[in-house]
Structure formats: structure tokens, C-alpha cells
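**Student:** Pasting the sequence and the predicted model now:
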Amino acid sequence: GKGIWRRECQRLWRGGCECSSICDISHPMKIWPQSSEHQSAISHQPALDGLRGCAALMVLVHHYGLVANFEPQQMTALDGLVRRLLFFGWTGVDLFFVLSGFLITSILLASRNDPSYYKLFYTRRALRILPLYYLVAVIGIYILPVLGTIGQTLAGDAHIHQIWIWTYTVNIGMLWGRHFGSLDVLWSLAIEEQFYIFWPLLVHRLKPKTLGCAAFLLMGLGLAIRIVWILRGAPLVGVYRFTLTRLDGLAVGAFLACLHSGSLTLGALPRRMLTVSAYLLIAGLCVLLIWCKAFYPTEPAVAIIGYLALSGAFGSLLISALQPGSLTQHLMNNSALRLVGKYSYGIYVFHWPIREALLFKAVPAQLVNRVGARGGAFLFCILGIILSLLTSMISFHLYEKRFLSLKRYFNYKKASPPQRIPDL
């Protein structure tokens, strides 16, 4: 583990000050990389690795910080602020959604004229996502239940309800009251994969301008379905995990990809309206953060407008990270953030089982008893981050890379960039 950590830090440190090759949002993205062992359809953007690392850390701090029962006997104003920040960490999932929608749509747009469009996308996607997902599924369904009390606690009812896991529908199973132990965390992965069943078809079939409009309409569709569901008395936790009520982030990322790639152009007035809308969403998010006692999916205001406001804010952050020389890009190019971002998939998948195992052993309570509520929460967060990162690094280098190496048989062919379609 130490050797891998040292090599990764040295590699990222040497490349930490690279300038992004993506230009301003009004210009097309650099579609083809100069060279790559497993050639992707778009150039690699280091700052987005850092942004992905931020998303992973937000989720980790939320799940590990809150479970340590951060409630000092004498709550100060600073303690209250820290507790609000810990609650806010769940939004890292929404940042993941925005990033995913942007990157996947950028890849699809860049390769939409490739004769092997569907084969390349789904094969490369499967090689990245499925091996770890199904490894964790096998462990949770078949191995944990035979490992004694702790294993049975982590497994929960995963064996009984395993059909939802195999079919990537954990989020829908949870709507029906099914629970999967430490595999509950797979709900957000299910949302992404369900979205990518139909989205590549739309990218391939629709004209770029129409695709941008479709992405914009999906934002409104997610909001409309949430409002209807909530008015009909649907539980807010269910709204939080259902694909059609969580379209905001993926759709915002997809819309920004259409703009950033040059596939969709806007006139001066629509661009100004888009900018004003982004500012309004950020302002609305700030109001919600101040107004809500706890900015959480169980708050009706958060469930109705909060997801869209978050997606707009994170979309603005993403575009800022792509601006050459911007402060956001400089911060996101940090080698430590990029390191976490590289292993974020494994971190997200493993952090919940690790958390549940530490809870079973009463580690948070022991830390709080030893160093107090503040120190205990801090140490538990650090412990969770380290264990999650190390586990994901081991998984990546000893297991996942074997499948990723197969991508060399499914490279995107280098071709001349597509003609920019005029905005009629």
C-alpha cells in the first residue's frame, strides 16, 4: 500500500501544474487526445479528477462525521457551523451526477459518428463499472453471511433481495422497502446506469441542438415529477433515490457538455439568460442553506428545489474548473485531490461497508470517550478516509486494472473533429 501511495503522489505532483487543454465554454472541446494507451474519445482534464476527489471527500466526511455523534455538550457557534457542513456532505453525490453527465455526454458527442458507437461506449463502460460492482455484490450476497455476526450484520438482507442488486435496481428496491445491508450504497450507481441505458441512444439519434434542448427539458421533468410525488404524499427519502426524480445533476452535466463541446451554440440573449439562471440557482441554494435547520433530503424545500439548485451550483463550479488559469482549476489540480479522484469509484463503493464494520466494533464511541466529541468525530473521519482510500487503491491495482487493460481492444479511432453545426 505504501509503495503504491508514494508512486501515485510523485506522479500526480509532477503533473500538478499542468494547464487544462479545454478552452472557454464558448469554444469547442479538444476532442481527441494526443496519445493514450487506452484511447478515450476526449482529452483528460486533471482538474475534473480533483473535482471528483472533492465529491468523494464530501460523502466520506458526511457519513463518517455524523455517525461519530458530533454533539459536544457545550455547542458553540463554530460547532453548529461544523455540524451544518457535515450535513451538507451528502451533496457530494449530486456533484458526482453532474460530473458523470458532463463527461459521459462529452464522450458520446465526440464519438457519435463512429460506426462502432454503441459497442465502444457500452464495452468500455462495462469494463470500468461492472467488475468492481459485481465483486462487491458477490462478497455481500455470498461471503459476508458466512463470516459470523459481523458479516451477517454487514450483509443485511442482501441475499434475500439479491435480484435488485444483480439488475442494477437497488434504488427501486429501496422504494419498495427492500434493504441490502452495506450494499445500500449502490443506489446512486443504479441511477447512473439506468440513465445511460437510454441517453446514448438520444445522443446518437438527435441533432446536437435538439439534444441540448432535451437535456434542458430533463431538468424540468425531474422537478415536475418531484413536485407531483410530494403533493401525492410520497416519502421524501423515496424521492431522493428514484431515477426520474434525480435527473437534475445528470441533465445539467449533459447540457453543459453540449455547450462546451461546441455542439450547441447560444445567442447573446439565451447565454445571458442562462447566466442569470445559474446565479438565481446559486442564490436559492444559499437561501436554503440558511433557512433550513438541516440541509437534508428529508426537508421538503430541499427535495423540491434543492436538487436543481445544487446541480446548477455544481455545474458552475465544473465550468470554472475548466477555465485555464482560474482559481478553481488551480485548486482542483491539487495532487491530493486528484489522487482521491482517481480512486473515487472504489472509495464510494467500499466506504459504507468499512463504516458499518467500524460501527459494529463501536469505534466511534471509543474515540469519543477517549478524546471527546470534537476529537472523536475528527479522528473517525480521518480513519474512514484512510481506510477507504487504501482499500480502493488495493482493489484498483490488484483487480480492476486487469479489466481496464482490455480497453486497448476497444479504442476510439482518431478522426478529424466533426464540423461545427450552426445554431439555426
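**Tutor:** Perfect, thanks for sending it.

**Student:** I290 - how many residues pack around it?
**Tutor:** 9 (other C-beta atoms under 10 Å). Heads up, the C-betas are built off the backbone N, CA and C, glycines and all.

**Student:** mind showing which ranges of this protein have poor pLDDT?
**Tutor:** Of all residues in the chain, those with pLDDT under 70 make up the ranges 1-42, 67-75, 262-279, 414-424.

**Student:** which SSE is the residue positioned nearest the centre of it in?
**Tutor:** Closest residue to the average C-alpha location of the chain: F96 at 1.7 Å, with C-alpha atoms, centre = their mean. Per DSSP states H and E: F96 is located in helix 92-110.

**Student:** Show me what counts as buried in that helix.
**Tutor:** 92-110 (16 or more other C-beta atoms under 10 Å).

**Student:** go on, stretch 212-221?
**Tutor:** Applying 16+ other C-beta under 10 Å to stretch 212-221 flags 212, 214-216, 218-219, 221 as buried.

**Student:** Which of those sits closest to Y134?
**Tutor:** L218 (28.7 Å; C-beta to C-beta).

**Student:** That closest one: what's it in contact with?
**Tutor:** 247, 250-251, 254 (C-beta atoms under 8 Å, 6 or more residues apart in numbering).

**Student:** Tell me the helix or strand right after the helix or strand hosting it.
**Tutor:** Element membership of L218 [criterion: DSSP H and E] is helix 208-231. Proceeding N to C from helix 208-231, the next assigned helix or strand is helix 236-241, under DSSP H and E.

**Student:** what's in contact with that next one?
**Tutor:** So helix 236-241 is in contact with 171, 174-175, 187, 191, 226, 229-230, 245-246, 297-300, 303, going by C-beta under 8 Å, 6+ apart.

**Student:** So what's the gap between the helix or strand containing R83 and the chain middle?
**Tutor:** Per DSSP H and E: R83 is located in helix 77-88. Put simply, helix 77-88 sits 23 Å off its chain's centre (C-alpha atoms, centre = their mean, to the nearest Å).

**Student:** cool, stretch 345-358 as well?
**Tutor:** Centre to centre, stretch against its chain (C-alpha atoms, centre = their mean), the figure for stretch 345-358 is 15 Å.

**Student:** and which of the contacts of L218 is nearest to I143?
**Tutor:** L250 (32.4 Å).

**Student:** who touches the closest one in this structure?
**Tutor:** So L250 contacts 97-98, 100-101, 191-192, 195, 199, 218 (C-beta under 8 Å, 6+ apart).

**Student:** before we move on, back to that, buried among the contacts of helix 236-241? Need that as a selection in PyMOL.
**Tutor:** Selection of buried members from the contacts of helix 236-241 for PyMOL, criterion 16+ other C-beta under 10 Å:
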select buried, resi 171+174+175+187+191+226+229+230+245+246+297+299+303
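
**Student:** Out of the contacts of helix 236-241, name the ones that lie in helices.
**Tutor:** 171, 174-175, 187, 191, 226, 229-230, 300 (DSSP state H).

**Student:** Might you report the residue contacts of R124?
**Tutor:** R124 neighbours (C-beta under 8 Å, 6+ apart): 407, 410.

**Student:** buried stuff in stretch 127-144?
**Tutor:** Result for stretch 127-144 [16+ other C-beta under 10 Å]: buried residues 127, 129, 131-133, 136-137, 139-141, 144.

**Student:** would you turn the residues you listed into JSON lines with distance to P115 and secondary structure?
**Tutor:** Below are the buried residues of stretch 127-144 laid out as JSON lines (distance: C-beta to C-beta, whole Å; DSSP: H, G, I helix; E, B strand; the rest coil):
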{"residue": "L127", "distance to P115": "20", "secondary structure": "helix"}
{"residue": "I129", "distance to P115": "24", "secondary structure": "helix"}
{"residue": "P131", "distance to P115": "27", "secondary structure": "helix"}
{"residue": "L132", "distance to P115": "30", "secondary structure": "helix"}
{"residue": "Y133", "distance to P115": "29", "secondary structure": "helix"}
{"residue": "V136", "distance to P115": "35", "secondary structure": "helix"}
{"residue": "A137", "distance to P115": "34", "secondary structure": "helix"}
{"residue": "I139", "distance to P115": "39", "secondary structure": "helix"}
{"residue": "G140", "distance to P115": "39", "secondary structure": "helix"}
{"residue": "I141", "distance to P115": "39", "secondary structure": "helix"}
{"residue": "L144", "distance to P115": "44", "secondary structure": "helix"}
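
**Student:** As TSV, the residues you listed with distance to C381 would be great.
**Tutor:** Below are the buried residues of stretch 127-144 laid out as TSV (distance: C-beta to C-beta, whole Å):
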residue	distance to C381
L127	32
I129	27
P131	29
L132	24
Y133	26
V136	23
A137	27
I139	25
G140	24
I141	29
L144	25
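
**Student:** picking up where we left off before, now, among the ones in helices among the contacts of helix 236-241, which is nearest to S326?
**Tutor:** Lowest distance from S326 to the ones in helices among the contacts of helix 236-241 (C-beta to C-beta) belongs to I191, with 29.9 Å.

**Student:** tell me the contacts of that closest one?
**Tutor:** So I191 contacts 97, 171, 241, 243, 246, 250 (C-beta under 8 Å, 6+ apart).

**Student:** can you do 10 Å?
**Tutor:** 93, 97, 100, 168, 170-172, 241-247, 249-250 (C-beta atoms under 10 Å, 6 or more residues apart in numbering).

**Student:** For L66, state which of these is nearest.
**Tutor:** The closest of these, once distances to L66 are taken by C-beta to C-beta, is V93, at 14.7 Å.

**Student:** Burial check on the residue lying closest to the closest one once chain neighbours are set aside, number of neighbours?
**Tutor:** With sequence-adjacent residues excluded and distances taken as C-beta to C-beta, 6 or more residues apart in numbering, V93 is closest to S188, at 5.2 Å. Using other C-beta under 10 Å, S188 is surrounded by 20 other residues.

**Student:** Hmm, S188 is touching Y168, no?
**Tutor:** No: S188 is beyond contact range of Y168, at 11.3 Å (criterion: C-beta atoms under 10 Å).

**Student:** The helix ranked longest in the chain: how far from the chain's middle?
**Tutor:** Secondary structure assigned by DSSP H gives helix 363-395 as the longest helix of the chain. In terms of C-alpha atoms, centre = their mean, the centre of helix 363-395 is found 22 Å from the chain centre.

**Student:** Y399: neighbouring residues, count only.
**Tutor:** For Y399, using other C-beta under 10 Å, the count is 14.

**Student:** and the gap between it and I386?
**Tutor:** Here Y399 is placed at a distance of 20 Å from I386 (C-beta to C-beta, to the nearest Å).

**Student:** Make sure P46 is actually in contact with P324.
**Tutor:** No: P46 is beyond contact range of P324, at 11.8 Å (criterion: C-beta under 10 Å).
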